[in-house]
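Trainee: below is the structure, and that's it, no one-letter string:
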């Protein structure tokens, strides 16, 4: 969009760039959708935009009202900034384990931030349940809106209305595969549903970190997981409302030891200062390219910047304690 009028107008229409090393490694053309270039710095700006606009259109909230959300961080950032532009207050609930950079950013943007110990979703003290209960307890004459990015279908519909059509137009419809990780499921589900409608032969694959259950769900029909990952904001162990009905053909389990060397190459050789979820996504694209064979076109999502994770990604002690590879320039 030319000359956006506000934060929400500036969300989307991100560049699609060829990833040189991944493409040369596989003989395919692998592209990354530069979602870190959204005004709030991540792909979650899209979910935030459509969650709020749809809620306003439906009369669930009005300027002066309160938006409540449980989030690993990026959706909270998008909701806070978009909310500021729309005259909405924001209350964000987050697990204590998320990066200090994201917590600091949310406070600096004006969000009220509450953190809770990280426990599984089945535990009633999980941050998502905490957010829902807080929303139910609040009152405002202008409305209280529990965004519920997990089950509110405005999330995936936003990707059907923006992300997928953009990818299709940027490649003139010449696309053979799409892959990304699952947090809420909104991106993968929305893009899959739209692209499959255009061309059912496009292969859709999930890229899943250790500790998440989507890989086993796709491959074996059950949500089960093992291990853990240093990634944040991705990794799901239930079928969310947004994930339900997604058209996924395949899945790849990507351990931290596989994603990090790819991430270091993206930063050090291609100038793409990305977070760990982007490393998983590009690793998934490489896996999909090897399955499809040379000559195919594959797209993935470059989610956000490494600047939101510097205290972990570039922390020698943190990485060495987990026996993980350091960036070559720090080793």
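Mentor: Structure received. Remember, predicted model here, so these are calculated numbers, not experimental data. Residues are numbered from 1 along each chain as shown.

Trainee: can you give me the distance of residue 117 to residue 95?
Mentor: When distance is defined by Cβ to Cβ, to the nearest Å, residue 117 is 7 Å away from residue 95. Just so you know, the C-beta spots here come from the backbone N, C-alpha and C atoms, and that holds for glycine as well.

Trainee: counting neighbours, go ahead and name the busier of these two.
Mentor: residue 95 (19 against 11; other Cβ atoms under 10 Å).

Trainee: partners of that one in the sheet?
Mentor: Beta-bridge partners of residue 95, counted by DSSP bridges, are residue 116.

Trainee: my read: it touches residue 71, true?
Mentor: No. Counting by Cβ atoms under 8 Å, residue 95 stays clear of residue 71, with 9.3 Å between them.

Trainee: so what's residue 4 closest to, chain neighbours aside?
Mentor: residue 10 (4.1 Å; Cβ to Cβ, 6 or more residues apart in numbering).

Trainee: strands of the stretch 201-331 of the chain, start to end?
Mentor: 203-209, 250-254, 297-302 (DSSP state E, counting those that start in this stretch).

Trainee: ok, now the stretch 51-200 of the chain?
Mentor: Assigned by DSSP E, counting those that start in this stretch, the stretch 51-200 of the chain shows strands spanning 66-70, 89-95, 112-116, 144-146, 177-180.

Trainee: helices and strands around the second one, which ones?
Mentor: Applying 3 or more Cβ pairs under 8 Å, 6 or more residues apart in numbering; DSSP states H and E, one finds that strand 89-95 contacts strand 66-70, helix 74-86, helix 100-109, strand 112-116, helix 127-137.

Trainee: now that strand: average pLDDT?
Mentor: Here strand 89-95 scores 96 as its mean pLDDT.

Trainee: now swap in the fourth one and tell me
Mentor: Over the span of strand 144-146, the pLDDT mean works out to 98.

Trainee: got it, and the first one?
Mentor: Mean per-residue pLDDT for strand 66-70: 97.

Trainee: would you mark the buried spots in it?
Mentor: Residues of strand 66-70 classed as buried by neighbour count (16 or more other Cβ atoms under 10 Å): 66-70.

Trainee: what about the closest residue to residue 107 other than its chain neighbours, how many neighbours?
Mentor: Distances taken as Cβ to Cβ, 6+ apart place residue 113 nearest to residue 107, at 5.6 Å, with adjacent residues excluded. Applying other Cβ under 10 Å, we find 19 residues neighbouring residue 113.

Trainee: so residue 113 sits right up against residue 105, yeah?
Mentor: No. Contact criterion Cβ under 8 Å: residue 113 and residue 105 do not qualify, at 9.8 Å.

Trainee: ok so, going back, okay, the strands of the stretch 51-200 of the chain in CSV with distance to residue 50 next?
Mentor: Listed next are these as CSV, based on distance: least, Cβ to Cβ, whole Å:
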stretch, distance to residue 50
strand 66-70, 13
strand 89-95, 16
strand 112-116, 23
strand 144-146, 13
strand 177-180, 18
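
Trainee: single out the most deeply packed of those.
Mentor: strand 177-180 (a mean of 29; mean count of other Cβ atoms under 10 Å).

Trainee: so who does residue 222 touch?
Mentor: Applying Cβ atoms under 8 Å, 6 or more residues apart in numbering, we find residue 222 in contact with 213, 216.

Trainee: what does residue 33 give?
Mentor: Residue 33 makes contact with 14-16, 163, 166-167, 299-302 under the criterion Cβ under 8 Å, 6+ apart.

Trainee: ok, so of the residues you listed, who is nearest residue 183?
Mentor: For the contacts of residue 33, the minimum distance to residue 183 (Cβ to Cβ) is 10.8 Å, reached by residue 301.

Trainee: and the gap between the spatially closest residue to that closest one that is not a sequence neighbour and residue 80?
Mentor: For residue 301, ignoring the flanking residues on the chain, the nearest one in space by Cβ to Cβ, 6+ apart is residue 180 at 4.4 Å. Noted for residue 180: a distance of 24 Å to residue 80, by Cβ to Cβ.

Trainee: residue 94 too?
Mentor: In terms of Cβ to Cβ, residue 94 sits 12 Å off from residue 80.

Trainee: what touches both of these two?
Mentor: Common contacts of residue 94 and residue 80 (Cβ under 8 Å, 6+ apart): residue 106.

Trainee: rewinding a little: would JSON lines of the buried residues of strand 66-70 with distance to residue 285 be doable?
Mentor: Formatted as JSON lines, the buried residues of strand 66-70 follow (distance: Cβ to Cβ, whole Å):
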{"residue": "66", "distance to residue 285": "39"}
{"residue": "67", "distance to residue 285": "33"}
{"residue": "68", "distance to residue 285": "35"}
{"residue": "69", "distance to residue 285": "29"}
{"residue": "70", "distance to residue 285": "29"}
